[in-house]
Structures are given as structure tokens and as C-alpha cells.
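>>> Only the shape, not the letters, is given here:
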């Protein structure tokens, strides 16, 4: 079971406009840890920084990147870093709460498939972000909660939860894929599952000026 856990704390602050800062902690599962450990040993942290930044308009500028357990084979590798980005201010602020490159698009792009879909391992992915409402703004719109299963079964489950209290928004999602082979007749259900999940992860939080 490949476990992947991310926590992020987001604050907004004003310096010649508005910026957000996210303090992110990403703990990788066994296979991803081994792969990343090897990559960092070989090429250092710079390629990892570039990968995390992606398109900086969405992920921000990556700073203070550090990796733990680099020399401990078999241990979960943890990346800690800050992501900072300027945002356009106005009556409305749009903020994408998913700050790691989890499922930016549907990995199953073919409409039909004659062969089974094989996963290398079972997956458990957990993501939690706490967002402080920017000063002078209020919450205008939040993503709605969502709970979906593949073909109504526990073979793959995605849960997306949102709470807001005391000027803090908490968003948590969990993805659990409990089997590694999906038959061709399960393909459409699996593809629909990913389509709904990707759409949900793309939704934004909207703040409105008071």
C-alpha cells in the first residue's frame, strides 16, 4: 500500500500587493521515497524544486526546501518547503487549495479499453490544507463536499471535505485505491471516477472584499 500524506498551512499577507505563503509537508510512501531518495542523491534538490514549482502561476515560488531521511533506506522520505505566490487583488480573490501536483488531469484518457488497468500498488493519499482568510476579505464561495466510489464499490474511494470556522478554512481529501487490477468492464466507472475527482481538485476558493 503506497501511502502519501500532505499537510499545508496557507497565510495571506500584504507587501506591495497581496501574496500567499504555504508551508507544506509531504511524506511519501515506500516506493516514491526510494525513487526520490535516488534522484536527490544523484542530482540534488534542484530538479525536485523545479518539479514542485511546475507552472509557478499555480504552485508558486518554492523556497526553504529540505528532505529528511535521505540516508535511511526504507524510511518514509519527507519534503518540507514553502511555496509563495503573488495574487491579483480586486473585489474577488481566487485561490486553488490543492498545492501539490496530484492528478492535474485524468490518467485514463481513452474512451474505451479492451485490456485491464493495472496499478503497480494500492494507494492511500491524504491531503489537508488550512487556509487563513485574507484580512479585509470574507469567504464568498467554497468547493462543495464530495464522496464517490468506483462503480459503487470500495475498490476506489474519494472523499473531499470542507469546513470553515474562525476565519480558517480546512479542506481535506482522501483517495484510497484498494485493488491493483480493474477489468475492462470496470474501465468506464474508473474513468468517470477520475474525471469527477480531477474536476473537484481543480475547484477554487473565492474570497470577496468586505
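Sure, I can see it. Just so we're clear, the structure is a prediction, and the values are computed from it rather than from any experiment.
>>> so what strands line up beside the one helix or strand residue 20 maps to?
Following DSSP states H and E, one finds residue 20 within strand 18-27. According to DSSP bridges, strand 18-27 forms sheet pairs with strand 2-14 (antiparallel), strand 78-87 (antiparallel).
>>> On the C-terminal side of it, identify the next helix or strand.
Assignment by DSSP H and E places the next element after strand 18-27 at helix 30-43.
>>> buried residues in that next one?
32-33, 36-37, 40 (16 or more other CB atoms under 10 Å). To be clear about C-beta, it is placed using only N, CA and C from the backbone, and glycine gets the same treatment.
>>> Please apply the same query to stretch 144-158.
146, 148, 150, 155-158.
>>> quick one: the helices in the chain?
30-43, 46-53, 56-59, 187-201 (DSSP state H).
>>> closest one to residue 74 among these?
For residue 74, the closest of these is helix 30-43, at 7.2 Å, according to CB to CB.
>>> which two from the buried residues of helix 30-43 end up farthest apart in space?
Taking CB to CB, no two of these sit farther apart than 32 and 40, at 12.1 Å.
>>> I'd like the buried residues of stretch 144-158 laid out as TSV, including pLDDT.
Formatted as TSV, the buried residues of stretch 144-158 follow (pLDDT from 0 to 100):
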residue	pLDDT
146	97
148	96
150	92
155	93
156	93
157	96
158	96
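>>> what's the closest of those residues to residue 183?
Using CB to CB, these come closest to residue 183 at residue 155, 10.6 Å.
>>> what's the nearest residue to that closest one if we skip its chain neighbours?
Computed as CB to CB, 6 or more residues apart in numbering, the closest residue to residue 155 that is not its neighbour in sequence is residue 179, at 5.1 Å.
>>> I'd guessed that neighbour sits against residue 122; true?
Yes - using CB atoms under 8 Å, residue 179 is in contact with residue 122, at 6.9 Å.
>>> low-confidence ranges in this structure?
Low-confidence segments of the chain (pLDDT under 70): 54-60, 102-106.
>>> For residue 158, give its distance to residue 203.
Distance from residue 158 to residue 203, counting by CB to CB, to the nearest Å: 13 Å.
>>> returning to what we had before: take the strands paired with strand 18-27 and lay them out in CSV including distance to residue 138 and mean neighbour count.
Formatted as CSV, the strands paired with strand 18-27 follow (distance: least, CB to CB, whole Å; neighbours: other CB atoms under 10 Å):
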stretch, distance to residue 138, mean neighbour count
strand 2-14, 13, 17
strand 78-87, 16, 17
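>>> want to throw these into JSON lines with distance to residue 116?
Converted to JSON lines, the strands paired with strand 18-27 look like this (distance: least, CB to CB, whole Å):
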{"stretch": "strand 2-14", "distance to residue 116": "19"}
{"stretch": "strand 78-87", "distance to residue 116": "33"}
